[in-house]
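In: give me coordinates for this.
(2 chains)
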Amino acid sequence: MMSAAARANPASFKVIPSRLALAAEVLVARGGLILLATGLLVFLAVPLVMILIRSTENRDGVFIGLANFAQYLRSPSFGNSLTNTLQFSVTTTLVTVPLAFGFAYAIQRSRIPYKGLWRNIAMIPILAPSLLAAISFIYLFGNQGWLKFVIGWFGIKTIYGMPGMVLAMTFSSFPHALMILLAALALSDARLYEVAEALGTSEWRKFMTITLPGAKYGLVSACMVIFTMAVSEFGVPKVIGGNTAVLAVDIYKQVIGQQNFQIGAVVGLLLLLPAVVAYGIDHLVQRRAQALLTARSVPYQPRRARLRDSLLLAFVILISAALLLVVGMAAFGSLVKVWPYNLSLTLNHYTYGFEEAGLEHAYRNSLNMAVWCALLGSAVTFTGAYWLEKTRRDQTEGLNFLRPVIRFQAMLPMAVPGMVLGIGYILFFNHPSNPLNFLYGTMTVLVLSTVIHFYSSSHLTAVTALKQIDSEFESVSASLKVPFYKTFWRVTVPVCLPSVLDIFRYYFVNAMTTISCVVFLYSPKTTPASVSILQLDEAGAIGSAAAMATLIVVTSGMVTGVIFTLEWWLVRRTQAWRNTAQS
Amino acid sequence: MAYALELEGIHKAFGDFVALKSIDLTIESGELVCFLGPSGCGKTTLLRIIAGLERQTRGRVIQDGRDVSHAPPAARDYGIVFQSYALFPNLTIEQNVGYGLVNRRRARNEIKARVNELLTLVGLSAEGRKFPSQLSGGQQQRVALARALAISPHLLLLDEPLSALDAKVRERLRGEVRGLQQRLGVTTIMVTHDQEEALSMSDRIVVMNQGTIEQIGTPSDVYERPQTPFVADFLGKVNVLRATALGEGRYRAGTVELDLPVDGFAAGESVRIYLRPEDRHVEGDIASLPNRLTGKITAIDYLGTFCLAELACPGLGQPLLISYSLNQMHDLGVRTGNEIQFALRVDRVRVFAERAST
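Out: Have a look, this model is predicted:
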């Protein structure tokens, strides 16, 4: 028997790794944690602390306590900006969340046809900078607007100001609310509905007592996310806000217009406040959301209901059409000669932009930046999450206090508006005595700030993926004397590759469209495309601005398509082991 | 000769919670020892400390005479199989089994030969090119075993290795794992909460409860001669009778007096008598036996090859569970409502002072 052979030479395959090999493994584990902690400290925590410091100093760097705050809070513009910001954010939330809920409900709880199509259409705004919506609404309802008469029906005189801001923000925040609500409505226990039916419960009562409470946490989360997005939105109010001042634009004016870093820091801190509060509320609510569904829940399968399905289909078509109209308007606007007087098609706006306004340069910058953000971002967030969650505590003895610190910092960017992060970067990297000063104005700093700005979602994606795989892989590999980083490379990365690609795509698209953070950090050489839209709009070249926005949508759309195809191909190719790998 | 494994005063605290309280244990070479206990008793923590996956708060771990208390897992000599098997899903069965061999600068054909040898050993030589998800649970379990054995460990650690399997497969694999362990002569520690598994597979059982060892012994030791109320209660079914000691081996439960071969309690002391349902005489000349009782059958738990009858015995003041084989059930007329006579078989009975009982 084979057993005899196994016993005959029992030590034949026994190797105790050398001290050097063991020390190397410990070094890698510790080094990774230190590197991650240092990176987050330098590129997130310190810049934020700089805001705090500078807000209490005068122009000469002398500590003056809360004098800056007093000065700003007393200024006539503050009260106005605050009211506008709150009104803008609350209205946007109240418009977006119910629309998104209806849409998500139709997708998850009805039998309308072509669900995938509607879902993909609803995600289009993610591919576009928020400025695109602002530009489109100017084309549609602006002074030369094609549908200007429509807003008149609602008693609105001009689209510039609150109405345009809310409309544009609703467009760009819609997919974010939708994703949360789709997830919230995806989870449901069919047995609850079966019991209700057995008890003769009406449809309305089922909705009020089962559906709505089940989606409660998702609704709160969606409200908080949309509110935070609107509070810190800069591009939309800048382009379509007219004379309506909001806090985010105030910062920009103070810092870029008047070089008043102290007041900029003060507004930054004030802007951080509502975002942190919203984030805190969401965090508290989510903690209670655990274990609503047990492993034995049975997924709900909606049945056909003709009236409900027809109404929901009409609603979904209406929303999809509106979203397509907004994107289509920008694209169309970029292709006509002089809106709305001469509608003959032309590529003039593109050629003008590329030849005269430096668009080619800006577009190349953005592509460059997006690729680097995607590469660096997906590598750092995934490796970071792995080192954080999967390295053994005894290997990092003495450094384990870093883990909660890193976890906190990884989630922090979610609560920090891009503008605030941008201010922090200016204050920190532009400081003459900072040895990292050379980074200021470079592409590197744009990439780093963007990686940090979108760190939280990517980190969460990575952690979720890592938690789904067997927690004993590292233990097994240790027992087989294989260092954990080899198992990371040979097993963890291949298993999690679809999630890594998701993170890559998320970074690419966001780097293409972001404006709030980079608007403080670009130099003439590194102007990204999204910022160039702002400049073109300010210069009155709305056609070229639309052209640039369209180009961004097309680029992010194409990259998204390529990555989806890649994921599909990958999952298919590895189906042999992936299909039932969970069980 | 040194023991395969010695644990000295192993203590483990997680914050305020004490998971293990100074555990001492020695394991001989070639033994299969089970850590048995309810969930939360510390058995898995102890296994992970032996593996170096957790670090003990105090105490020493000595393997083959070498102190490995502070050695990382990679510097210890063991193979491990987890409840989830933790097979690498993206690697084939061959690659999984060879995982620990690849980085040892072995010639490729040498590794291949070793992998084939192990797959033959666990009866899976034809499945080498498949992925784990294409195998059944029982097959996956054997792959995990082969992978752990590939590096010729001196110690094999099994963490609930069979509990994810169906009842039938589990029973078959018990025998296979035990057979393999004996053929290879590899010292093995298995963690389980399944008493049947522990009783049928082990050389010795370590019964654990709330971070301490309650008893160490052979399967028959712990089943037939439990040293603590916990062990008596945890293994198998047991009747617990509240009683008062009368001195010289006599006890009173309710108004019934019993004569037991257990002494050492002062007259008047409150005790609990632990008696298994099978410790009874039901056939033959019962009338001449001591500790005779008559009871009315109030309920029957039918379990196929045997049944448990709940009897109400006048004067005892508490119901008694007595087991009958299927044949006895029919021969003796064991049916709800019937009265039936039996005598307690007291040679295995255990008596514990009230305060020691749980």
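
In: residue B:300 should be in a strand, yeah?
Out: Yes: assessed by DSSP: H, G, I helix; E, B strand; the rest coil, residue B:300 belongs to a strand.

In: how many neighbours does it have?
Out: Here the number of neighbours of residue B:300 (other Cβ atoms under 10 Å in any protein chain shown) works out to 15. No exception for glycine: its C-beta is placed from N, CA and C like everyone else's.

In: ditto for residue B:90
Out: Residue B:90: 21 neighbours (other Cβ under 10 Å).

In: one more: residue A:64?
Out: Neighbourhood size, residue A:64 [other Cβ under 10 Å]: 15.

In: the one 4 residues further on too?
Out: Counted with other Cβ under 10 Å, the neighbours of residue A:68 add up to 22.

In: in the longest helix along chain B, what counts as buried?
Out: Of all segments of type helix in chain B, defined using DSSP state H, the longest is helix B:167-184. Under the neighbour-count criterion of 16 or more other Cβ atoms under 10 Å in any protein chain shown, helix B:167-184 has B:169, B:170, B:173, B:174, B:177, B:178, B:180, B:181, B:184 buried.

In: for chain A, state which of these is nearest.
Out: residue B:184 (5.9 Å; Cβ to the nearest Cβ).

In: go ahead and confirm that closest one touches residue B:148.
Out: No: using Cβ atoms under 8 Å, residue B:184 is not in contact with residue B:148, being 11.3 Å away.

In: pull the CA atoms of stretch A:298-306 into PDB?
Out: Extracted as PDB, the C-alpha positions of stretch A:298-306 are listed here (Å, rounded to 0.1, in the frame of the first residue of the first chain):
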ATOM      1  CA  VAL A 298     -36.300  32.800   0.600                       C
ATOM      2  CA  PRO A 299     -35.800  35.500  -2.100                       C
ATOM      3  CA  TYR A 300     -39.000  37.200  -3.200                       C
ATOM      4  CA  GLN A 301     -40.300  36.600  -6.700                       C
ATOM      5  CA  PRO A 302     -42.700  39.300  -7.800                       C
ATOM      6  CA  ARG A 303     -45.800  38.000  -9.600                       C
ATOM      7  CA  ARG A 304     -47.500  39.600 -12.600                       C
ATOM      8  CA  ALA A 305     -49.900  42.400 -11.700                       C
ATOM      9  CA  ARG A 306     -51.000  44.200 -14.900                       C
END
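
In: show residues contacting that stretch.
Out: In this structure, residues lying in contact with stretch A:298-306 by Cβ atoms under 8 Å, 6 or more residues apart in numbering or on different chains are A:108, A:109, A:110, A:111, A:188, A:189, A:190, A:191, A:193, A:203.

In: show me which of the residues you listed are buried.
Out: Neighbour-count burial (16+ other Cβ under 10 Å) applied to the contacts of stretch A:298-306 gives A:108, A:109, A:110, A:111, A:188, A:189, A:193.

In: so residue A:193 sits against residue A:206, correct?
Out: Yes: with contact defined as Cβ under 8 Å, residue A:193 counts as touching residue A:206 (6.4 Å).

In: can you tell me how far residue B:157 is from residue B:52?
Out: Distance, residue B:157 to residue B:52, by Cβ to Cβ, to the nearest Å: 11 Å.

In: quick one: contacts for residue A:89?
Out: A:227, A:230, A:231, A:274.

In: what are the phi and psi angles of residue B:30?
Out: phi 80, psi 0 (degrees, to the nearest 10).
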